[in-house]
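Trainee: 3D model of this:
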Amino acid sequence: VYNIPLGGGLFKGPWAIGGSGSSYIYGFCDSTYREDFTKDQTVDFVRNALALAMARDGSSGGTIRMCVINREGVERLFVPGDKLPQFWDKH
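Mentor: Coordinates of the predicted model:
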């Protein structure tokens with residue numbers, strides 16, 4: 001995976017993130033991602049990373065739309081705002 005951030009440069013790594021909420025989740029991604037994830041584990045990882053970023057970033061949207069792209073084709077996934085993972089108690 002190659003990442004070309006707005007400031008320039010070219011970085012190769014096992015994953016790449018970008019956008020206004022990305023600075024909030026680098027630690028999560030570094031500590032959580034594993035090369036041997038299954039497809040379902042990868043989807044959970046992405047869903048959790050996006051939900052964490054969205055919770056801290058006022059410019060992020062309220063839903064998650066992602067695509068799984070593999071040899072079988074494209075699978076579109078949608079997580080509505082009321083189904084986003086939560087990592088804290090609302091009380």
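
Trainee: C-alpha from now on. contacts and neighbour counts both.
Mentor: Fine.

Trainee: For this structure, which segments count as helices?
Mentor: Using DSSP state H, the helices found in the chain span residues 26-32, 39-56.

Trainee: Make a markdown table from those and add mean pLDDT, distance to P85 and mean neighbour count to it.
Mentor: Formatted as a markdown table, the helices of the chain follow (pLDDT from 0 to 100; distance: least, Cα to Cα, whole Å; neighbours: other Cα atoms under 10 Å):
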| stretch | mean pLDDT | distance to P85 | mean neighbour count |
| --- | --- | --- | --- |
| helix 26-32 | 96 | 14 | 12 |
| helix 39-56 | 95 | 6 | 18 |
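
Trainee: residues making contact with the helix or strand of the chain with the lowest mean pLDDT?
Mentor: Sorting the helices and strands of the chain by mean pLDDT, DSSP states H and E puts strand 2-3 at the bottom, at a mean of 92. Here strand 2-3 makes contact (Cα atoms under 8 Å, 6 or more residues apart in numbering) with L10, F11, K12, G13, W15, A16, I17.

Trainee: Adding distance to N70, write these out as a markdown table.
Mentor: Shown next, in a markdown table, are those (distance: Cα to Cα, whole Å):
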| residue | distance to N70 |
| --- | --- |
| L10 | 24 |
| F11 | 23 |
| K12 | 20 |
| G13 | 19 |
| W15 | 16 |
| A16 | 18 |
| I17 | 19 |
